[in-house]
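Visitor: Below: sequence and its predicted model.
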Amino acid sequence: MTAEGHRATFRHALANTLVASVVNATVWFAVTFWVYLETRSVFATGVIAGMFLGLTALSGVWFGGLVDRYRKRNVMLGSSAVSLVLYAASLVVYLAAGPEPSGTPRARCSGASCSC
């Protein structure tokens, strides 16, 4: 492979990593923000952030081992495919759950009358 071919491969890998990182960070932020809006609990937000950091650290070691053992392109394609399947499955679960029933009480605080 020529030097230009190596550069093109590097650019494709870099673009794939950039897109995956932006999507992943956006989804985790959205989940964290949604948990805060639903619970109004900073502790729950911290738990979500801790899960993100812990899972990133643990999966980074495992994926690093896969990249060392197998071809980088195949591992990256496999990782992207698994992510796509998981995001699609999450969408299916979300759509299947339907809207929240209107009669469901929600624990919301309103000013001085808050007893939460």
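Guide: Yep, that arrived.
Visitor: and the helix or strand where Val47 lies, what other elements does it pack with?
Guide: Val47 belongs to helix 42-69 when elements are defined using DSSP states H and E. On a contact count with 3 or more Cβ pairs under 8 Å, 6 or more residues apart in numbering; DSSP states H and E, helix 42-69 meets helix 3-39, helix 72-97. All C-beta spots, glycine's among them, are computed from the backbone N, C-alpha and C.
Visitor: Centre of the chain to that helix, how far?
Guide: 10 Å (Cα atoms, centre = their mean, to the nearest Å).
Visitor: That one - what's its average pLDDT?
Guide: The average pLDDT within helix 42-69 is 87.
Visitor: and it with helix 72-97, angle?
Guide: Using axes from the mean of the first three to the mean of the last three Cα atoms, to 10 degrees, the direction of helix 42-69 lies 150 degrees away from that of helix 72-97.
Visitor: in helix 42-69, what counts as buried?
Guide: Neighbour counts over helix 42-69 (16 or more other Cβ atoms under 10 Å) mark 45, 48, 52 as buried.
Visitor: Out of those, flag the one nearest to Val93.
Guide: Each of the buried residues of helix 42-69 was scored against Val93 by Cβ to Cβ, and Ile48 proved nearest at 17.9 Å.
Visitor: wait, doesn't the closest one sit right on Val35?
Guide: Yes - using Cβ atoms under 8 Å, Ile48 is in contact with Val35, at 5.4 Å.
Visitor: list residues touching both of the two?
Guide: Residues touching both Ile48 and Val35 by Cβ atoms under 8 Å, 6 or more residues apart in numbering: none at all.
Visitor: so can I have JSON lines of the buried residues of helix 42-69 showing distance to Ala81?
Guide: Shown next, in JSON lines, are these (distance: Cβ to Cβ, whole Å):
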{"residue": "Thr45", "distance to Ala81": "31"}
{"residue": "Ile48", "distance to Ala81": "25"}
{"residue": "Phe52", "distance to Ala81": "22"}
